[in-house]
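1. Just a sequence and a predicted model for now, questions to come.
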Amino acid sequence: MVQVVLLWFALINIIGYVVMSEDKNRARKRRDRVPEKTLFLLAFMGGALGVLIAMYRKRHKTRHTSFRIGIPFLLLLNILLYGYFLG
């Protein structure tokens with residue numbers, strides 16, 4: 001069980017980082033964007049750390065209050081849930 005949770009943690013956070021980075025690239029090129037709902041869903045599913053890291057490394061969505069508050073909140077929720085499943 002622990003290995004499955006750790007694998008999920010790694011994969012979902014990599015996906016969250018990549019999707020957030022791709023949204024930044026699309027924004028620069030003025031192309032179709034990744035819906036914010038999708039970014040929050042990835043964070044909710046356990047990828048908040050990846051989304052948060054991409055958010056600040058790529059300087060993307062940092063002015064949006066919903067992201068500045070919502071993603072750290074989801075990271076806290078992720079920590080609690082991962083702690084529960086790994087503990």
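-> Now that the structure is in, tell me what you want to look at.
2. so where's the longest helix in the protein?
-> Secondary structure of the chain per DSSP state H: the longest helix is helix 2-28.
3. mean confidence for that helix?
-> Predicted confidence along helix 2-28 averages 97 (mean pLDDT).
4. Quick check: phi and psi at residue 64.
-> phi -80, psi 120 (degrees, to the nearest 10).
5. Quick check on residue 60: phi, psi?
-> Residue torsions, per degrees, to the nearest 10, at residue 60 are phi -120, psi 130.
6. and the longest helix of the chain, what does it pack onto?
-> helix 36-42, helix 48-57, helix 65-86 (3 or more CB pairs under 8 Å, 6 or more residues apart in numbering; DSSP states H and E). For glycine as for every other residue, the C-beta is placed from the backbone atoms N, C-alpha and C.
7. so which of the ones you listed gets nearest residue 28?
-> helix 48-57 (14.1 Å; CB to CB).
8. now for the helices and strands packed on helix 2-28, which one comes closest to residue 1?
-> helix 65-86 (7.2 Å).
9. Now do the most centrally placed residue in the chain, the pLDDT please.
-> Most central in the chain under CA atoms, centre = their mean is residue 51, positioned 2.6 Å from the mean C-alpha point. Turning to residue 51, the model gives it a pLDDT of 98.
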